[in-house]
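> Below is the sequence, then the predicted model.
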Amino acid sequence: MSNIRFEQIEGKILGFYALIAGLGILVLAALGSVYYMEHHGHFVTGMNNRIVWGMPHVFALFLIAAASGALNVASISSVFNKKLYKPLSRLSGLVALSLLAGGLMVLVLDLGRPDRLIVAMTEYNFKSIFAWNIILYNGFFVVVAVYLWMMFERRMNRFSRKAGLVAFGWRLILTTGTGSIFGFLVAKQAYDAVIMAPMFIIMSFAFGLAFFILILMASYQWTNRPLGDAVVNRLSNLLGVFVAAVMYFVAVYHLGNLYLAENTGVENFILFDGGIYTKLFWYGQIILGELIPMALIYHPATKGNRSTLGLASVLIIIGGLIQLYVIIIGGQAYPMELFPGKEILEGYGGVAQYSTSLPEMSLGVGGVALAIIAVTFLVKLLAFLPESLADDVDDPHHKG
Amino acid sequence: MSKTLNRRDFIKTTSATTIGVATIANGITLTTFAGTNKTPVTNEKRWGMLIDTNKLSEIDIDGMVSACKKEQGWGSEVHSTGNQKPGWIKKLKVKDKATGKVSNLALMCQHCEEPPCVDVCPTNASMKREDGIVLVDKHLCIGCRYCMMACPYDARSFVHETLSNQKEHMPRGKGTVESCTMCVHKIDKGEVPACVTSVNSDAVIFGDLYDASSKINQTLKTIQSAQIRADLNLNTGVRYSGL
Ligand code: SF4
Ligand code: SF4
């Protein structure tokens, strides 16, 4: 791969500034929303004492999962030594860091007291998976940054594979940690499944790769650099496999819950009679976010077409957000079983209501915008992108 | 280690000499590092309550809720709506599916011996005193609400708005989590929680679960009582009979 040349993108074009400005407005709107929510208190949001985690958590956990998944491309190259992916490693690391930054921004700014972030950084309860996650997230930045440095610095190149291995191990633990947040909620039926953590890992693969493909295709398109079919088709296939894997895990998770007598309540709720959550699950998550993208990726009529691959990626991202919405909000909306064998007539119970507010939505979108701004700036500042990914450059053995 | 021991006096007024005091509202401070207690907080005691749903009337429960509101200063929030309103203690009506028996009960923080809310809190803000009372240190709480997700009894509330006219002994802060303190400020003075005092019968008994001579200990030995969601093995400090 010595013939791969990395180069910064040209940042003089109008489009570059327009993109930064557009995203910047979204980030500013998010910060404005945070000021509004913190100034008044959370009563201005749709969140309450039953739905304590709202739309910001949906975005935050989605972005954090996607971040670890975006590192996959680099991992495939370093861990499994697949040459085709090597030129993509730098971008993969960058997208991972940027998505994590966006996710953490949303997570932190939705705290009741974001001004006490320092407390979270200094006071650790080592029994808390949340405290561990803070360490894992910070560590991810360091590990991936070191990995990137070793890829950038010629003298360090020979260590980059080892660094890649460490980063791969770290991201697996990180996503397990994120998925495990739910594992500790003993009384919430929706989260009472061992499969949550591995399911999160697979979800992260799909979400992260969808982001990566979009960013890759957009940056090559907009800078007029050649991007060969070999790379794109390989990534497209991989994306299809990941989405299929997510569907498999989702099926196992729900069938498992249906089988467990104590969790049939919440299962019926999500799958059949949960109103908005049932609709979101079937139409949003399954059809829009999984079946249609699969069809776009594999159907002979659309296979290999970049526009449809882009559309599939966008749908996977939207479907992923919907999936997290169903898990996080739906899981809270369904009441806990306070008195098994008894019916609660008054005082607690019923499906909790939640409707997201504009500032919550704006905070979440701001996190995505921040991630994209970070990528856009850094590919201009540093040589993250190979100047060509044409088939003959990237994969000299590729046959027509 | 020493931290838990030093947290014995949870809340104090500015007049007291304390180390590491921070002001959280005018004239009100909250410290985690002081000790004016005559009797130290030790794990030789375990405070608890026994609520007899056969004796407890609906009026009693309403009285308990009002007493708690009055004592701790919650319930007059102006902006919070519906489920955003705090509920340190609430009235529940439950019907047994098999027998059809309807019981009324008061539900508040159960002061679990193995509290999930304490396990999940990233900053140790959610903590259990040596004597079994579970509290939130409002200085350490970052408002992540993970404890609310973890509590099996829906016992915690998040302060959704700016508050005024707070009680000196119970500073509450926007953006932090709160729940029943078992009136720790009264217990530390040798008094009984406000909700218990409000009931004019022995439908609610408060005392030291470990003290063999206490009324609560003796009653628990003779009658049949239950913990809510006993299957979770949290060993709650609040027990119920007649359910
Ligand atoms: S009832 Fe809830 S808030 Fe109270 S100690 Fe148990 S888990 Fe914590
Ligand atoms: S909301 Fe506060 S008390 Fe609850 S877990 Fe978070 S930091 Fe701890």
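Thanks, I have the structure now. Numbering: from 1, shown residues only, chains lettered A, B, ... in the order given. Ligands and ions are numbered 1, 2, ... in the order given.

> which one's the longest helix in chain B?
For chain B, the helix reaching the highest residue count under DSSP state H is reported as helix B:58-72.

> Report the buried residues of the helix or strand immediately after that one in the chain.
Heading C-terminal from helix B:58-72, the first helix or strand you meet, by DSSP states H and E, is strand B:89-96. By neighbour count with 16 or more other C-beta atoms under 10 Å in any protein chain shown, strand B:89-96 contains the buried residues B:I89, B:K90, B:K91, B:L92, B:K93, B:V94, B:K95. Placement of C-beta: from N, CA and C, glycine included.

> Help me confirm that the last one comes into contact with B:K101.
Spelled out, it's B:K95. Yes. With contacts counted by C-beta atoms under 8 Å, B:K95 reaches B:K101, the gap being 7.1 Å.

> Show me which residues of chain B sit near ligand 1.
B:109-112, B:115-117, B:134, B:151, B:153, B:155-156, B:179 (C-beta under 6 Å from any ligand atom).

> Tell me who's in contact with B:L105.
Applying C-beta atoms under 8 Å, 6 or more residues apart in numbering or on different chains to B:L105 gives the contacts B:I51, B:T53, B:L56, B:I61, B:K91, B:L92, B:V94, B:Y240, B:L243.

> Try it again at 10 Å.
A:339, A:347, B:51-53, B:56, B:61, B:90-94, B:228, B:240, B:242-243 (C-beta atoms under 10 Å, 6 or more residues apart in numbering or on different chains).

> Repeat that for A:R225.
Contacts of A:R225 (C-beta under 10 Å, 6+ apart): A:E7, A:I9, A:S219, A:L385, A:P386, A:E387, A:S388, A:L389, A:A390.

> Could you measure from the residue nearest to the last one when sequence neighbours are not counted over to A:N157?
In this structure, A:A390 finds its nearest non-sequential neighbour in A:P226, 3.9 Å apart by C-beta to C-beta, 6 or more residues apart in numbering or on different chains. A:P226 is 24 Å from A:N157, where distance means C-beta to C-beta, to the nearest Å.

> So for the two, which residue has more residues nearby?
A:P226 (14 against 11; other C-beta atoms under 10 Å in any protein chain shown).

> For the residue in chain B that chain A sits nearest to, which three-state class applies?
As assessed by C-beta to the nearest C-beta, chain A sits closest to B:G143 within chain B, at 1.8 Å. Secondary structure, DSSP: H, G, I helix; E, B strand; the rest coil: B:G143 is coil.

> Next: the one 10 residues further on.
At B:Y153, secondary structure determined by three-state DSSP is coil.

> That one contacts B:T236, correct?
Yes. Between B:Y153 and B:T236 there is a contact at 8.4 Å, judged by C-beta atoms under 10 Å.

> interface residues of chain B facing ligand 2?
B:120-121, B:123, B:125-126, B:136, B:141-147, B:177.

> Can you name the residue of chain A nearest chain B?
Closest point on chain A to chain B, by C-beta to the nearest C-beta, is A:G112, at 1.8 Å.

> Find the residues that touch each one of B:K95 and B:K101.
Joint contacts of B:K95 and B:K101 (C-beta under 10 Å, 6+ apart) are A:K342.

> returning to what we had before: would the longest helix of chain B count as contacting chain A?
Yes. Helix B:58-72 reaches chain A (C-beta under 10 Å from any C-beta of the partner chain) through B:E58, B:I61.

> Looks to me like A:L291 is in a strand.
No. If the criterion is three-state DSSP, then A:L291 is helix and not within a strand.

> check contacts around it.
Counting by C-beta under 10 Å, 6+ apart, A:L291 has contacts A:V243, A:M247, A:Q285, A:L315, A:G319.

> biggest separation within those residues, which pair?
A:M247 and A:L315 (13.6 Å; C-beta to C-beta).

> So which residues of chain A form strands?
With DSSP state E as the criterion, chain A has strands at A:6-7, A:342-346, A:385-386.

> Ok, which of the ones you listed comes nearest A:M105?
Of all those, strand A:385-386 comes closest under C-beta to C-beta, at 24.4 Å.

> Direction included, what does the closest one pair against?
Applying DSSP bridges, strand A:385-386 is found paired with strand A:6-7 (antiparallel).

> Centre of the chain to the strand it pairs with, how far?
Distance, stretch centre to chain centre, for strand A:6-7: 27 Å (C-alpha atoms, centre = their mean, to the nearest Å).

> What lies in contact with it?
A:87, A:90-91, A:151-152, A:223, A:225, A:379, A:382-388.

> pLDDT score assigned to the most centrally placed residue in chain A?
Centroid-nearest residue in chain A, with C-alpha atoms, centre = their mean: A:A66, separated by 2.2 Å. As predicted, A:A66 sits at a pLDDT of 98.

> That one: what's it in contact with?
By C-beta under 10 Å, 6+ apart, the neighbours of A:A66 are A:95-96, A:99-100, A:102-103, A:203-212, A:316-317, A:320-321, A:368, A:371.

> how about a cut-off of 7 Å?
A:L99, A:S204, A:F207, A:G208, A:F211 (C-beta atoms under 7 Å, 6 or more residues apart in numbering or on different chains).

> Then B:I216?
Per C-beta under 7 Å, 6+ apart, neighbours of B:I216: B:G48, B:L50, B:I205, B:F206, B:G207, B:L209.

> So which of those wins on neighbours?
B:G48 (26 neighbours).

> name the helices or strands packed onto the host helix or strand of it?
In this assignment (DSSP H and E), B:G48 forms part of strand B:47-52. Of the remaining helices and strands, those touching strand B:47-52 by 3 or more C-beta pairs under 7 Å, 6 or more residues apart in numbering or on different chains; DSSP states H and E are strand B:204-208, helix B:215-222, strand B:238-241.

> buried ones in the second one?
Neighbour counts over helix B:215-222 (16+ other C-beta under 10 Å) mark B:I216, B:N217, B:T219, B:L220 as buried.

> B:K95 pairs with what?
Bridge pairing for B:K95 - DSSP bridges - gives A:E343, B:V102.

> Tell me the spacing between it and A:Y348.
Counting by C-beta to C-beta, the gap from B:K95 to A:Y348 is 13 Å.

> Give the full set of residues in contact with the residue nearest to A:A369 when sequence neighbours are not counted.
For A:A369, ignoring the flanking residues on the chain, the nearest one in space by C-beta to C-beta, 6+ apart is A:L26 at 3.7 Å. A:L26 makes contact with A:V365, A:G366, A:A369, according to C-beta under 7 Å, 6+ apart.

> and if we set it to 8 Å?
A:S362, A:V365, A:G366, A:V368, A:A369.

> Look at the closest residue to the first one other than its chain neighbours and say how many residues are nearby.
Residue nearest to A:S362 in three dimensions, not counting chain neighbours: A:S33, with 4.3 Å by C-beta to C-beta, 6+ apart. A total of 24 residues lie near A:S33 under the criterion other C-beta under 10 Å.

> Ok, A:S77 next?
Neighbour number of A:S77 under other C-beta under 10 Å is 23.

> Got the confidence number for the residue nearest to it when sequence neighbours are not counted?
Nearest in space to A:S77, with sequence neighbours left out and distances taken as C-beta to C-beta, 6+ apart, is A:Y85 at 3.8 Å. On pLDDT, A:Y85 comes in at 91.

> A:Y354 now?
For A:Y354, the predicted pLDDT is 97.

> Now do the contacts for the nearest residue to it once chain neighbours are set aside.
Leaving aside its chain neighbours, A:Y354 sits nearest to A:I51 (4.1 Å; criterion: C-beta to C-beta, 6+ apart). A:I51 is in contact with A:I329, A:Q332, A:A333, A:A352, A:Q353, A:Y354, B:N83, counting by C-beta under 8 Å, 6+ apart.

> Much appreciated, bye for now.
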